[in-house]
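Q: I would like the atomic coordinates for the input below:
(2 chains)
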Amino acid sequence: MTALEENSVLVSVQNLHKHYGNLAAVRGLSFEILQGEVFGLLGPNGAGKTTTIEIIEGLRQPDSGAVRVCGLDPAQESMALKERIGAQLQSTVLPDKMRVHEALQLFAGFYRRSASVQMLLDHFGLQEKRHTFFEKLSGGQKQRLALALALVNDPELVLLDEPTVGLDPQLRRDIYALIEHFREEGRTVLLTTHYIEEAERLCDRVAIMDRGQLVALGTPRELIARSGQGTRLELRLAKPVGLERLKLIEGVIDCHEAAGAYFLRAQPAALTISALIRFLESDENALLDLHIARPSLEDVFVEMTGRRLED
Amino acid sequence: MPAIRIALLTIRLVMRTKVALFFTFLFPLVFLFAYAGLIAHGRPEVVAYMFGPVVTLNIMGSGFFGLGMQSVMQRERGSLRRYRLAPIGPRTMLLSNLLANYLLGLPTIGLLLFCALVFFHMPMKIGWLTLLALVTVGTFAFAGFGLTIASVANTMQEAQIYNNIVWFTLLFLSGVTFPLPMLPRSIQRLAMFFPSTYLVSAFQSIMAQGEPLLSHWPEMLVLVISGIFGLLFAMKLFRWEKEERISTKAKLWSGVFVLPFLVMGLWMNTRANPTAVWARTYNVFEKPSDAGPQAEAEKANLIEDFDGLQSSEELLRRWQVSTDSDVSGHSMAEISVLTPGAEGARHAMRLKGRLAPGPKNPQGYVAARCEVQPPANSTGLRGIEFEARGESRVYQVAFLPPKVAQTRLSGSAALGSAAFGSAKPDADPFPSISLVPGEAWQNARLPVAWLANPAKNGPADGPWVLEISVTGPPGEFTLDLDEIRFY
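A: Modelled structure (predicted):
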């Protein structure tokens, strides 16, 4: 690793272990987060994502392993680290009668460096709600306030634990836009999620976790490409054709027929489609309908763990 | 400073919460009016005595149910987690809670004081700085107590149980509700181990007796030490998350918190004798109020109420007893301090003895005398009144000028007087009455005509003498006297 590459690593987790009694929450986890990237920890509930992020935040002590965040040891230099990171909890609770602007002003006052409260109110769409009590905020507004609180110290690293859990699709998309803005500002973001869409849309790189272990790590595209699942093709033809002949087409991994349609798994898809067109021409057959479905991270997760994310 | 920021915002949040406002400001007033009205009956001196318990009650409440429960509630609710992400530690959180609790408590004390002064005319024998010092030390000590309980309790329910056990024990057994001298001796001994006892008794002796704060330095020191212990415990055992549990071993360590009280209690039980101070302070219940011009006048007219007496020896310094011994009689008598006195007063005087005439006289004779300085301004006064009870004998009460009293010091002179045996005020140039007291206390009056015009047969030189005597056939007699005053 060159000096430049070494400097660009903002978070380094090596062989991390954490137990709660007999339960192994994290088992030998290792990954690195580079400066400026949005890194996702994807996994079902109980995969060890929150434990990992809390160890990175300095809120929990690991049993073993090495963790460095912004060049600091979270376990030993927690206060210095908190000055440089901003975090949002899975659920943020503030006193009922605390107003939005009071919360931002209070927490901004805890740091040596702080962002403008006015700017945060504007940026997170809370200007109209600045005098509203916490208890009167909707779920989405509370989450926006939690994100704003994570940015009160203008942090280098933003840690978001399940930032859209429990929100409806529209509010989720609002939060996605905010996180994308973090990336545009050049901030490094670590987020945990069990939503595929979130990881695929937001993350530069994703670490898939299951039962405390790292299952796969890479960009969403790499992970999908690495998957042996292949692209799904659903086609309807003018004349029936034998499955055995379809299986001979270049790139076809698997093939079956149902309700008059043919379902193919192909890798690489582009090559298979070209070969399929040539095959149909030579067979004097015609393509009536074609649906192409790329594999998702969900497919990757299922392939690697044998379980679905929601399990 | 983060602690100050959090404290100030916490105060603002309390101001926005109706329930918190009620318990912070109005609820203590309910206790003040209940104590001052129902226990002190509005008597300013007694209100001053009860002010300490009311303030202590308020301080205890804010320590246990304000600060302590608030800490557990914040943890249970999950609002501490957000603070945990900021670069602040347990010390900041605890100091902010402590500061908010203190700053919220001061206006309440001020309000209590205002109401006590305005509505009950409470005498202000305590200096502002002394009051502030007592409140500060007390708040700190009970904050430590509340925080210790909050530290060892894993849940709200657990904290509630611990708080209630400690709260009710201190409430009823340390002078906060019932004045300590009212409680059995064994309870008084137990109370010496309780921090609220130290605060209540310091308040009472300062506010009722005007004692200096420094005379209570050992109790104050113990309260400060316990506050420090409590704060250290709370810092050590501070938990941000409700999921974090405390071990039984750590809970047992919190027992160290009670060590200062244990040492203080043992010292008080073996070396010091606070019960005498408590009893002396408690006297305000028996004494009439000395506040206001009317009370001042009443005090000036008082001849003897016996309440300040500690022993019969003190009584004998003021009262003299004479019998018929110089005319061969064998009558005997003694005077003693009687507890309680008339109508709930602390003490009265008892004259008790036996009439045993000599061979030359058919009747025995005993008299008790006390010098009385007539009031400088007797305008409007008409005589002397007193409370009396006794056996159904005839007693003589006379108010004698110094010279006459001197001649009647012996039994022979008294027995030779025409006044005795057939008491007729008109026949005696000096005021006297006959009295046949019953078993119950009753008011009796001795008219003294010259009081309205002192120049006519009034005081010439030296004090006059109030004489109570009994003559009669052989037999026992008992006469109790109290609240002797000009009327």
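Q: please report phi then psi for the residue of the stretch 201-311 of chain A found nearest chain B.
A: Closest approach between the stretch 201-311 of chain A and chain B, counting by C-beta to the nearest C-beta: A:G212, at 18.2 Å. (C-beta placed from N, C-alpha, C; glycine too.) Backbone torsions of A:G212, given as degrees, to the nearest 10, read phi 80, psi 0.
Q: over to B:A86?
A: Phi and psi for B:A86, reported as degrees, to the nearest 10, are phi -90, psi 160.
Q: then A:H291?
A: Taking degrees, to the nearest 10 as the convention, A:H291 sits at phi -120, psi 130.
Q: neighbours around the residue nearest to it when sequence neighbours are not counted, how many?
A: Excluding the flanking residues, the one nearest A:H291 by C-beta to C-beta, 6 or more residues apart in numbering or on different chains is A:E234, at 4.1 Å. Using other C-beta atoms under 10 Å in any protein chain shown, A:E234 has 14 neighbouring residues.
Q: any idea of the mean pLDDT in the helix or strand hosting A:E244?
A: Assessed by DSSP states H and E, A:E244 sits inside helix A:243-247. The average pLDDT within helix A:243-247 is 88.
Q: kindly export it (C-alpha atoms) in PDB.
A: Output of helix A:243-247 as PDB, limited to C-alpha atoms (Å, rounded to 0.1, in the frame of the first residue of the first chain):
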ATOM      1  CA  LEU A 243     -35.400 -26.400 -24.100                       C
ATOM      2  CA  GLU A 244     -32.400 -28.500 -25.000                       C
ATOM      3  CA  ARG A 245     -31.800 -26.300 -28.000                       C
ATOM      4  CA  LEU A 246     -32.100 -23.100 -26.000                       C
ATOM      5  CA  LYS A 247     -29.600 -24.400 -23.400                       C
END
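Q: what are the contacting residues of it?
A: A:252, A:254-257, A:262, A:264, A:279 (C-beta atoms under 8 Å, 6 or more residues apart in numbering or on different chains).
Q: picking up where we left off before, measure the residue of the stretch 201-311 of chain A closest to chain B to B:Y365 for me?
A: 107 Å (C-beta to C-beta, to the nearest Å).
Q: more neighbours, those two?
A: Neighbours per residue (other C-beta under 10 Å) separate A:G212 from B:Y365, with B:Y365 holding more: 26 against 23.
Q: and the pLDDT at whichever residue of the stretch 201-350 of chain B sits closest to chain A?
A: Nearest residue of the stretch 201-350 of chain B to chain A (C-beta to the nearest C-beta) works out as B:W240 at 7.9 Å. pLDDT for B:W240: 87.
Q: show me what contacts it?
A: Per C-beta under 8 Å, 6+ apart, neighbours of B:W240: A:59, B:75, B:80-81, B:83-84.
Q: that one: which element?
A: Using DSSP H and E, no helix or strand contains B:W240.
Q: what does A:L10 give?
A: Using DSSP H and E, A:L10 falls in strand A:9-20.
Q: and chain A, what are its domain boundaries?
A: Domains of chain A are assigned by automatic domain parsing as A:3-225, A:230-294.
Q: test my guess that A:F182 contacts A:V38.
A: Yes. Shown here, A:F182 and A:V38 form a contact pair, counting by C-beta atoms under 8 Å, at 7.4 Å.
Q: and for B:Y35, the neighbour number?
A: 22.
Q: what residues does chain B put near chain A?
A: Proximity of chain B to chain A (C-beta under 8 Å from any C-beta of the partner chain) is limited to residues B:2, B:5-6, B:9, B:12-13, B:16-17, B:77-79, B:81-82, B:84-89, B:240.
Q: which members of those are classed as buried?
A: B:2, B:5-6, B:9, B:13, B:78-79, B:81-82, B:84-89, B:240 (16 or more other C-beta atoms under 10 Å in any protein chain shown).
Q: which other residues reach stretch A:11-22?
A: Contacts of stretch A:11-22 (C-beta under 8 Å, 6+ apart): A:24-33, A:39, A:48, A:51-52, A:55-56, A:60, A:62-70, A:157, A:188, A:190, A:212.
Q: mind checking which of those residues are in strands?
A: Mapping those onto strands (DSSP state E) picks out A:24-33, A:39, A:64-69, A:157, A:188, A:190.
Q: among these, which are within reach of chain B?
A: Of those, not one also sits near chain B (C-beta under 8 Å from any C-beta).
Q: now stretch B:373-388, how far from the centre of its chain.
A: On the basis of C-alpha atoms, centre = their mean, to the nearest Å, stretch B:373-388 sits 29 Å off its chain's mean C-alpha point.
Q: out of the contacts of stretch A:11-22, which end up buried?
A: Buried among those by 16+ other C-beta under 10 Å: A:24-27, A:29, A:31-33, A:39, A:48, A:51-52, A:55-56, A:60, A:62, A:65, A:67-70, A:157, A:188, A:190, A:212.
Q: packing partners for the longest helix anywhere in chain B?
A: The longest helix of chain B (DSSP state H) is helix B:90-120. Applying 3 or more C-beta pairs under 8 Å, 6 or more residues apart in numbering or on different chains; DSSP states H and E, one finds that helix B:90-120 makes contact with helix B:2-15, helix B:27-34, helix B:44-61, helix B:128-152, helix B:217-236.
Q: export these to CSV and append columns for mean pLDDT and distance to B:Y162.
A: Output for the helices and strands packed on helix B:90-120, formatted as CSV (pLDDT from 0 to 100; distance: least, C-beta to C-beta, whole Å):
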stretch, mean pLDDT, distance to B:Y162
helix B:2-15, 91, 23
helix B:27-34, 89, 21
helix B:44-61, 90, 14
helix B:128-152, 91, 5
helix B:217-236, 90, 13
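Q: would you mind putting those helices into CSV with distance to B:K249 alongside?
A: CSV is the format used below for the helices and strands packed on helix B:90-120 (distance: least, C-beta to C-beta, whole Å):
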stretch, distance to B:K249
helix B:2-15, 30
helix B:27-34, 37
helix B:44-61, 28
helix B:128-152, 11
helix B:217-236, 13
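Q: show me the one of the ones you listed that comes nearest B:P437.
A: B:P437 sits nearest to helix B:44-61 of all the helices and strands packed on helix B:90-120, at 29.8 Å, using C-beta to C-beta.
Q: apart from its neighbours in sequence, what residue is nearest B:S96?
A: In space, B:S96 is closest to B:I6, 3.6 Å off (C-beta to C-beta, 6+ apart).
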